[in-house]
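Colleague: I'll drop the sequence and a predicted model, then ask my questions.
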Amino acid sequence: MEQIYTIPVNEAFDAAMNTPGSGCPICALYRKLEVAELDIILGASMMEPDIRIRTNREGFCEQHFVRMAAKQNRLSLALMLESHLDSVKELMQDPPLSAPGDKPSKRIAALEGSCYLCNRIEASLSRMIDTVTLLWQTDEEFRRKLDAQPRFCLPHFRRLTEAGRQRLPKKIFPAYYRAVKSVTEKYLDKLRGDVSWFCKKFDYRYDAEPWYDSKDSIERAVAFLSAKDITLPRKEKRNEN
């Protein structure tokens, strides 16, 4: 199954390796999957009965509700919400002989922790991460490509490590782990230095010193720690000259 993901994985690792300032290639794969799934769900598949059954059952997380609402095809979202709200109405009904509110509370709690799009994206991303271990094991060129990556964010470092431990032979895993860890630690050391320098720049004694690479160090640190990009409000940046 992982063989079909070798092309997108190689493309993401090539782009990260060859583009200055690139981020984690697994994050890039996630973003690409998310864009594709948003386009699919707001397209023709939205009208397919089996898809509608799943979206009614699984719902969407806050992030993906916001992403869908920001798209141009708001009618598709409205049609999907129409049937989803009907299913929510059913969730709220108390079964005979049950304690009032007990079943609806449990059903709604399960719905709050579920997202159709997250589940779809995760299924593909998990296979792509497994593909990284497969390529590293079988392709010498890919090993060099992995060594040349600018960084892996912390959550994806963990997932790459876990996938390697599960899928690689025990004799091979330590070398794979060292390669993934080396990329991550190299970036982490640079990031720590940039954040420290950012802090120093608010000390008057460093006022005349240049910012070097520290101006966006907060955003990069959050992205590294959470695998999520952030944009700070301008007022928090105005003293960074």
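Modeller: It's in. Numbers count the residues shown, from 1 in each chain.

Colleague: Distance from the longest helix anywhere in the chain to the middle of the chain?
Modeller: Across the chain, the longest stretch assigned as helix under DSSP state H is helix 173-200. Put simply, helix 173-200 sits 19 Å off its chain's centre (C-alpha atoms, centre = their mean, to the nearest Å).

Colleague: start the count at 23, not 1, going forward
Modeller: From this message on, residue numbering opens at 23, which makes the last subject helix 195-222.

Colleague: which helices and strands sit right next to it?
Modeller: helix 138-160, helix 162-169, helix 176-189, helix 239-248 (3 or more C-beta pairs under 8 Å, 6 or more residues apart in numbering; DSSP states H and E). To be clear about C-beta, it is placed using only N, CA and C from the backbone, and glycine gets the same treatment.

Colleague: export those helices to a markdown table and tack on mean pLDDT?
Modeller: Below are those laid out as a markdown table (pLDDT from 0 to 100):
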| stretch | mean pLDDT |
| --- | --- |
| helix 138-160 | 97 |
| helix 162-169 | 98 |
| helix 176-189 | 98 |
| helix 239-248 | 96 |
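
Colleague: okay if I get these as a markdown table plus distance to residue 33?
Modeller: Listed next are the helices and strands packed on helix 195-222 as a markdown table, based on distance: least, C-beta to C-beta, whole Å:
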| stretch | distance to residue 33 |
| --- | --- |
| helix 138-160 | 11 |
| helix 162-169 | 11 |
| helix 176-189 | 17 |
| helix 239-248 | 21 |
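
Colleague: ok, residues contacting the least confident helix or strand in the chain by mean pLDDT?
Modeller: Among the helical and strand segments of the chain, the one scoring lowest on mean pLDDT, DSSP states H and E is helix 124-134, with a mean of 91. For helix 124-134, contacts defined as C-beta atoms under 8 Å, 6 or more residues apart in numbering pick out 80, 81, 110, 113, 114, 115, 116, 117.

Colleague: Skipping its backbone neighbours, what lies nearest the second one in space?
Modeller: So the one you mean is residue 81. In space, and not counting its chain neighbours, residue 81 is closest to residue 133: 4.9 Å by C-beta to C-beta, 6 or more residues apart in numbering.

Colleague: How about the fourth one?
Modeller: Counting by C-beta to C-beta, 6+ apart, residue 113 lies nearest to residue 129, which is 4.4 Å off, once chain neighbours are set aside.

Colleague: which residues does the nearest residue to residue 31 once chain neighbours are set aside contact?
Modeller: Spatial nearest neighbour of residue 31, excluding adjacent residues (C-beta to C-beta, 6+ apart): residue 153 at 4.9 Å. Residue 153 makes contact with 24, 25, 27, 28, 31, according to C-beta under 8 Å, 6+ apart.

Colleague: and residue 190, what does it touch?
Modeller: By C-beta under 8 Å, 6+ apart, the neighbours of residue 190 are 155, 158, 159, 198.

Colleague: of the residues you listed, closest to residue 63?
Modeller: residue 155 (29.4 Å; C-beta to C-beta).
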